[in-house]
Structures are given as C-alpha cells and as structure tokens.
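Build me a model from this:
(one chain, ligands or ions: 1)
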Amino acid sequence: MVYCACFERYPRGWGEIGLAGTVDGHGGGSGTYDVLVIGAGVVGCAVARELSRYELRICVLEMEPDVSLGTSCRNSGVVHSGINYAPGTRRAELCVLGNSMMDALCADLKVSMKRIGKLTVALSDSDLPGLYRQREQGLANGTPGMELMDLDAMRRIQPGIEGILGLWTPSSGIISPYGLTIALAENAHANGVDFRLGHRVVGISRAADGDAFEVLALDENCRAPRTFRSRIVVNSAGLYSDEVGGMLGAGDGAIWACRGEYYVLDRRLDGSLKTLIYPVPGPNDPGLGIHLTPTVDGNILIGPSAVYIPDEDRRDYRTTAPVMDSLRREGLRLLPGLAAGDFIRSFSGNRPKQTPPEVGGNADFTIDDASVPGFISLQGIESPGLTSSPAIAAEVRDMIGRRIGLKRRSDFRPERLGFAGCFSRLPLGVRMDMIRSEPDYGEIICRCEGITKKEVRDAIENPLGARTMASIKYRSRAMMGRCQGGFCVPRIVRMLRDEYGYEPEDCVLRGRSSAMFAGRVRDAGPRRLGAAS
Ligand SMILES: Cc1cc2nc3c(=O)[nH]c(=O)nc-3n(C[C@H](O)[C@H](O)[C@H](O)COP(=O)(O)OP(=O)(O)OC[C@H]3O[C@@H](n4cnc5c(N)ncnc54)[C@H](O)[C@@H]3O)c2cc1C
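Residues are numbered from 1 along each chain as shown. I've put the predicted structure just below:
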C-alpha cells in the first residue's frame, strides 16, 4: 500500500482530539474548578503538577492537540545556572532556584537530565568585560561552583577548544524540554488534574456572583464553545499570554515573537561535545548567541538565531535559508569534521518577548496576581523559563495558598509510574528479561533510534489521550533519527490501522492543518479523494 502525503484534506478520526474521551473527571462538557490553568507548556504543566499535591479541582485548557507543542518543545533544552541575568530580577532568582529543584523533580518523574556544565568563552580581549560581568552576576545570584579558567584548564574539559579565558559553571545542564513537560502533565493527570486538549480560550469574565471567573473555550473537535467556572485562573499562555490577559484587562504588556532557528546534527557526533560552550553575550542581545548544545539524546543543536517576526502569526515556526546558511557555516567552523549528511533537520522556536524590536534585550518575567484578584498572569516567560518552571510553579502555589488556602492531599504520588527510559540503552540482560515478559520490546519500529513496538504502543496509548504523530514522536523518539521517519512512519501508520483501527488518512502530524496522507495512490481500496477516474 502506498500513500501520498498531502496537507489539504481536513482529517477526521485519529486527528480528532479526545476520541478516547478528553481526560477529565467531569464526564466531558464544561466544568467547575478551583484552579484553571490556561496553556500546557512546561510552565502550565509545572503549575498543574505542583497544585495537584493539594485538595483542589484543577483543569488545564490547551488549544493544541497535545501538551508541549508551543515554545516548550522548541528550545535549547539547557538548565541554566543563573549567570546571564541581572541580580534582583525574577529571572535570576527563579532560574537559580529552579535549577536547584531539577534533580529531585527529574528523579521523581524519570526525566533524563545531565549536569554537563558550561564554559562561557572569551575569544578576545573585547569579550573580557562581558565575561567578568557574567561572573559578577553569577556571584550576586548565587550560582554555585563558578570558576574562571585559562585555556589549558578549559581544554581539560573540552579538548581542542579555543579562547583566552572561560567561565565554568558546573551547575549548568541539559534536559529534554518536551520530556519534562509531558512527564509533568502525565504526573499531574495521574494525581487528578483534568486536561482539556484542543480547547482554545476565547473569553474570560467575572461570574455574575463575583466569586469566580467564567472562561469560554472553543473545543476544536466540534467548534462549540464551552464555559468553565473557576475560582482562580492562571494565565500561562506563552506567546498569547497578552491576548489572554487582555480578555480581562489584566497586565499591560504586549508580546512580540522573536524566532530562534536551529539545525539538529546526527547522533554520530554523540560525545564530541563534553560540555556546553557559549560565546559571551552582549548586554543588549535578545538571545545568548549562537552556540552548540548537546542534547540528552545524543544530538547536537546549532543555534538559536534571534530575529523578531511579524505579529500576524506568532506560531510561524518556519526556518529560513539565510539563517540556515549562517548556522551551517558556524557549525562547520566549530566542528570542522562535519559532513553534509550530519545536518538531519531544522526547527525553530519563538521567544515571547516583552520588549519590541526597536528596544531589543530582555525584560524581566511578569508574575502578577495583583492587577485582577484571583487571576495570576505569567507573561514574558522566555529563557530561562524551562529552568525556572518548578520555581515559578512554587510561587504560583504560594499566591493561590494566600488567596484560598491549601490543604495537602495524603494520596499525592510524586513519582511517575512505569518504564520511562530508552529501551535500547539498557544493558543487554535487562533488555532480554523485558522482551521475555513483553514480546513487543523485541520488535524494532524506528531503526535509527532503536525504538521498539512496545515504546511506540505506550506512546499511542498515552494517558492524556493525545492523538497526533507528534505525540508519538515526543513520547517515544520514533521519527527523530537521521531518516526522520522514512523507515518508521509507514510502520507506525500500519500499526495504527491494523491494531487500533485508524485509517491513514486520519493521521495528523500536529493538528488539523497537518494531515499526513490524502489518499491511496496504488491500492485496490476505495478512492478517498473522489477524483474522477
Ligand atoms: C529559541 C529558544 C531557546 C530557549 N532555550 C531555553 C533554554 O535553553 N533553557 C531555558 O530554561 N529556557 C529556554 N527557552 C525558554 C523556554 O523555552 C520558555 O521559557 C518555556 O518553554 C515557556 O513555557 P510556557 O509554558 O510559558 O510557554 P509555552 O510552551 O509556549 O506554552 C504556552 C501554551 O499555551 C497555549 N495557549 C496559548 N494561547 C492559548 C489559548 N488562548 N487557549 C488555550 N491555550 C493557549 C499554547 O498552545 C502553549 O501550548 C528558550 C526559548 C526559545 C524560544
């Protein structure tokens, strides 16, 4: 059977969200809650998971068909140390605190994080003032274990590195950003949080009795609006947090999207970077400069650029030829052995900036519960928002505690249950035992990444009920290798058809506008496009 890829047809079935029931305890429809979180990025999911420790009815409304499809799956995945932010800012404080919370959080949630440290490198005398400024900031912010290093010391960490002086921050690390977000969401869900995927918030008002908010959300499946009532609303809508805040007149900040583009390099290069290596950023740079970042899965990222994009579509995640060319040149300069085939894909993520292009730089995070009592606004959560997410969640918890009081649940389970690692990286004996008890571990579906049928099955049957190919990809790592799905996509689609009853024409990559197949081009089956023969 051969399918032709097309993006015009409006898919049904597996593209529908919530066929297995939107995951909630309220039987679909609308609901009444204590806390309603708008946005299921890493911040919204961290807030939901933190609040699930308490006796609260909590709901997360997310407009995309899965969690972590916004900025939270489109970044460098670095756990920052705190040297980049001005002392006294929320970014500095929450970054250092969030960094210190990551080990325990990742252990509970079985998320892979590696503290590989970072070298910020001065290449010439002109970089030195900036490097010393970073060290001063780190000292003031409480960044632990910093060290200034000469070239010999730097080369003991990263052979072959060039530069005149480096700042070593051992608390810097790397993490899977979507892995963390999905784990937070699934653990929150296991602890009773309702997730309404494919629900776009379009209006918020005070309820007539003045005691709660009424939140109107469009259900993307049936296009019908639903009303949710909640005592507290948390605006964690990332790039759209200004629009959501504007629905209630909360906060005065506009958001500008500033795109960062990346190249992803093949895992063949795994191990060639021992640490994170960053240039010294200028005081008014909108990002931290183009750098090489190893990922927890063994790839290397080159990027990100920093270019403001027009406001029409803040979710415009295209990559552009001029930026890609410059990233390719930079990659070849920094890793001279790179071959053309090592560049396996590109992607981009958009920073939710509170400073317009003509100002540039970075504003501080906005965390506000004063403008509209009961409405907590999280705005401008750009970098280091991933690192800061557990600390932001703790702060939101305290704000809610002051307002409505919190009572701990005795049955909160902080650990994520089940297997959440990468099967192919386990010792042989362990793998053999697992195959004996679960034969689907013995069948490889994604050859590049060594992902088994059982791992793909677990991703398909995810507890949030997310039903896109991206949902499988981000949960299992299938489709992430050098062939980018050439081998495994047909196998996964066949699995979905034969074992779950979903037609290939119903598969979507990320949502309704990204149908993967339009019909059969060589098959005895019925023609789906209705073209005259
Ligand atoms: C290029 C780049 C590199 C970065 N690198 C790092 C890094 O290395 N380390 C680090 O700590 N941070 C980094 N960051 C920052 C980090 O990615 C963000 O701070 C973090 O992901 C923000 O999470 P969030 O949950 O606030 O936003 P998002 O992930 O964008 O989530 C917001 C969610 O709200 C949803 N939403 C929006 N409007 C509505 C609505 N009306 N109704 C319902 N849902 C809605 C969206 O669909 C989205 O899922 C980087 C960011 C970028 C862009």
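
From start to finish, how long is stretch 507-517 in a straight line?
End-to-end distance of stretch 507-517 (C-alpha to C-alpha, to the nearest Å): 7 Å.

cool, stretch 82-91 as well?
Termini of stretch 82-91 sit 8 Å apart (C-alpha to C-alpha).

contacting residues around it?
Contacts to stretch 82-91, defined as C-beta atoms under 8 Å, 6 or more residues apart in numbering, come from residues 92, 95-96, 99, 120, 134-135, 137-138, 140-143, 146, 167, 169, 281, 288, 362, 364-365, 367, 384, 388. Bear in mind the C-beta positions are built from the backbone N, C-alpha and C, glycine included.

Would you mind listing what in the stretch 351-500 of the chain touches the ligand?
Proximity of the stretch 351-500 of the chain to the ligand, by C-beta under 6 Å from any ligand atom, involves residues Arg351, Ile381, Glu382, Ser383, Pro384, Gly385, Leu386, Thr387.

Of those, which is the nearest to the ligand?
Gly385 (1.9 Å; C-beta to the nearest ligand atom).

Surely that closest one and Val43 touch.
Yes: assessed by C-beta atoms under 8 Å, Gly385 is found in contact with Val43 at 6.1 Å.

so where is this protein shaky, pLDDT-wise?
1-29, 251-252, 283-288, 523-533 (pLDDT under 70).

give me that answer again for 80
1-30, 220-224, 249-252, 282-290, 334, 336, 512, 522-533 (pLDDT under 80).

In it, what residue spans correspond to helices?
Per DSSP state H, the chain carries helices over the ranges 42-51, 90-109, 128-141, 151-157, 177-190, 241-246, 321-334, 385-404, 428-437, 453-460, 469-476, 488-500.

To Ile232, which of those helices lies closest?
helix 385-404 (5.6 Å; C-beta to C-beta).

buried set for the closest one?
Judged by neighbour count (16 or more other C-beta atoms under 10 Å), helix 385-404 contains these buried residues: 385-397, 399-400.

just stretch 111-127 next, same as before
Buried residues in stretch 111-127 (16+ other C-beta under 10 Å): Val111, Ser112, Met113, Arg115, Ile116, Gly117, Lys118, Leu119, Thr120, Val121, Ala122, Asp127.

Please report the distance of Gly289 from the ligand.
According to C-beta to the nearest ligand atom, to the nearest Å, Gly289 stands 12 Å off from the ligand.

Not counting sequence-adjacent ones, nearest residue to that residue?
Using C-beta to C-beta, 6 or more residues apart in numbering and skipping residues adjacent in sequence, the residue nearest Gly289 is Pro279, 4.2 Å away.

One more: Gly44?
Ser236 (3.7 Å).

Give me the distance between the one you found and Glu382.
13 Å (C-beta to C-beta, to the nearest Å).

And for Pro504?
38 Å.

Check Gly238 too.
According to C-beta to C-beta, Gly238 stands 9 Å off from Glu382.

How about Phe423?
Applying C-beta to C-beta to Phe423 and Glu382 gives a distance of 35 Å.

For the ligand, what's its nearest residue on the stretch 401-533 of the chain.
For the stretch 401-533 of the chain, C-beta to the nearest ligand atom, closest residue to the ligand: Gly511, 10.1 Å.

Oops, could you answer that again for the stretch 101-250 of the chain instead?
Closest point on the stretch 101-250 of the chain to the ligand, by C-beta to the nearest ligand atom, is Gly238, at 2.6 Å.

For that residue, which residues are in contact?
Taking C-beta under 8 Å, 6+ apart, one finds Gly39, Gly41, Val43, Gly70, Thr71, Ser72, Pro352, Ile381 in contact with Gly238.

at 10 Å what do you get?
38-44, 70-72, 244, 255, 257, 314-315, 350-352, 378-382, 385 (C-beta atoms under 10 Å, 6 or more residues apart in numbering).
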